[in-house]
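In: mind folding the following:
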Amino acid sequence: MPIYMDRHDIPEEITAEHVAQMHREDLKIEHLYGCKGMTYWCDEKRRTAFCLINAPNKKALQEMHNHAHGTVPHQIIEVDSAIVESFLGRIEDPVKSLKTELNIINDPAFRTILILGFQKTTLREAVAKQLNTDIKKYNGAIVDCIKKHTGRIVKQKPDYFLTSFNSVTNAVICALALQQLSITHSAHLKTNIGLHVGIPVTEKEGLFEDTIKLAAHFTNIEKGKVVISSEVKELYESENLNIAIDKKLVFALTPSEEKFLTTLMEYTEKEWANPSFNAGSFGKKLGYSKSQLYRKMISVTGMSPNSFIKAYRLQKALELLHKKEDNISEIAFNTGFNSAAYFSKCFMDTYGILPSKYSRQH
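Out: Below you'll find the predicted structure:
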């Protein structure tokens with residue numbers, strides 16, 4: 001039977017105790033609708049509550065809530081219990097609360113999402129073996145660092161980590177430690193880290209979908225710093241008695257910069273394979289003149305528009321090379337380069353090896 005998480009936007013007069021009473025009423029009549037309430041989260045500060053329920057379908061869940069207390073959820077999404085536990089740390093009521101008559105769980109589902117991605121800055125054969133050894137050690141060090149700072153790994157790939165933290169402060173400190181690890185493990189790795197905060201269920205269908213998406217956008221910024229949202233900065237400084245974040249190590253975006261980056265990434269993700277997509281397209285889409293766009297891109301991403309597009313396409317080309325489904329000309333065409341020769345030149349300039357040679361070696 002599927003598992004659902006719903007979101008209730010609770011009025012000012014509703015407290016954690018009220019939500020606990022509603023949860024108890026759900027449990028009394030859940031069998032009438034074939035449902036089983038697993039647990040819930042209540043955030044009095046942000047006026048949200050989330051229920052985790054095993055149910056035949058969304059309609060049965062809504063009817064159970066309506067019968068029990070008349071409160072209908074504002075959004076319902078289907079979830080994987082293992083993923084929920086990875087993000088939120090539990091999928092059932094805390095043991096301590098089970099011993100009380102009324103199970104008041106004032107536990108916000110608000111989390112800090114940290115995304116780390118890294119890539120090789122060279123693919124030269126001379127350093128490949130040592131670099132692969134360094135990456136294995138780096139991966140182990142990343143896992144240890146995340147655990148040390150009480151983070152939870154939600155998703156892990158050889159060059160990618162999606163993690164969740166209850167504490168904004170722990171997440172920021174962990175991000176700084178991870179950035180330092182990158183420097184000490186290899187000079188041929190470029191690590192990008194993005195942090196954002198949010199709730200598990202919004203208007204999207206995925207768990208923490210909005211938060212993950214923006215944190216992932218941050219990892220496209222070429223500033224050699226940990227990149228955080230304006231909300232992370234505000235919460236960190238609030239938790240640490242207004243001690244300002246070190247700007248030499250952390251780049252905190254403003255809300256307008258976050259909006260610019262979101263538009264930039266959404267447009268790039270849509271158009272990157274189109275050969276006619278260039279700096280001019282960017283400017284037109286974003287409403288900037290050529291010089292305005294250049295200054296804005298340098299300020300937010302650390303790259304010019306042309307460099308940004310080329311770097312994005314080369315990363316996509318590298319992914320296609322690993323799949324070994326297309327030849328070099330096809331990869332050049334499919335990633336928006338005007339010719340195979342220009343693609344090979346750009347690839348050589350960036351990674352120190354021709355794509356044809358790299359493809360034969362892997």
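In: switch to C-alpha atoms for all contacts and neighbour counts from now on
Out: Fine.
In: quick one: the strands in the protein?
Out: Ranges of strands in the chain, per DSSP state E, are 3-9, 36-43, 48-54, 75-79, 111-120, 152-157, 160-165, 189-198, 226-228, 250-252.
In: as JSON lines, those with mean neighbour count would be great.
Out: Below are the strands of the chain laid out as JSON lines (neighbours: other CA atoms under 10 Å):
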{"stretch": "strand 3-9", "mean neighbour count": "22"}
{"stretch": "strand 36-43", "mean neighbour count": "22"}
{"stretch": "strand 48-54", "mean neighbour count": "23"}
{"stretch": "strand 75-79", "mean neighbour count": "19"}
{"stretch": "strand 111-120", "mean neighbour count": "22"}
{"stretch": "strand 152-157", "mean neighbour count": "16"}
{"stretch": "strand 160-165", "mean neighbour count": "22"}
{"stretch": "strand 189-198", "mean neighbour count": "24"}
{"stretch": "strand 226-228", "mean neighbour count": "27"}
{"stretch": "strand 250-252", "mean neighbour count": "21"}
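In: could you export the ones you listed as JSON lines, including distance to His23?
Out: Shown next, in JSON lines, are the strands of the chain (distance: least, CA to CA, whole Å):
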{"stretch": "strand 3-9", "distance to His23": "12"}
{"stretch": "strand 36-43", "distance to His23": "8"}
{"stretch": "strand 48-54", "distance to His23": "8"}
{"stretch": "strand 75-79", "distance to His23": "16"}
{"stretch": "strand 111-120", "distance to His23": "22"}
{"stretch": "strand 152-157", "distance to His23": "27"}
{"stretch": "strand 160-165", "distance to His23": "26"}
{"stretch": "strand 189-198", "distance to His23": "23"}
{"stretch": "strand 226-228", "distance to His23": "35"}
{"stretch": "strand 250-252", "distance to His23": "39"}
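In: wait, which of the ones you listed is closest to Gln21?
Out: Taking CA to CA, strand 36-43 is the member of the strands of the chain nearest to Gln21, at 11.6 Å.
In: quick one: the closest one to chain centroid distance?
Out: Remark: strand 36-43 is offset 24 Å from the chain centroid, using CA atoms, centre = their mean, to the nearest Å.
In: the strands of the chain: which one's closest to Leu321?
Out: Of all the strands of the chain, it is strand 111-120 that lies closest to Leu321, at 14.6 Å by CA to CA.
In: so for the closest one, mean pLDDT?
Out: On average, the pLDDT along strand 111-120 is 95.
In: just checking: what are the partner strands of it?
Out: strand 160-165 (antiparallel), strand 189-198 (antiparallel) (DSSP bridges).
In: what angle do strand 152-157 and the first one make with each other?
Out: Computed with axes from the mean of the first three to the mean of the last three CA atoms, to 10 degrees, the direction of strand 160-165 lies at 170 degrees from that of strand 152-157.
In: go on, the longest one?
Out: Strand 189-198 runs at 140 degrees relative to strand 152-157, counting by the same axes, to 10 degrees.
In: just the residues contacting strand 189-198, thanks.
Out: 110-121, 171-172, 175, 179, 182-183, 208, 210-212, 214-222, 224-229, 231-232 (CA atoms under 8 Å, 6 or more residues apart in numbering).
In: now stretch 12-32
Out: Contacts of stretch 12-32 (CA under 8 Å, 6+ apart): 36-37, 40, 42-44, 47, 49, 64-65, 68-69, 102-106.
In: let's see 7 Å
Out: With contacts defined as CA atoms under 7 Å, 6 or more residues apart in numbering, stretch 12-32 is touched by 36-37, 42, 44, 64-65, 68-69, 102-106.
In: can you check stretch 250-267 too?
Out: Stretch 250-267 is contacted from outside by 217, 225-230, 233, 300, using CA under 7 Å, 6+ apart.
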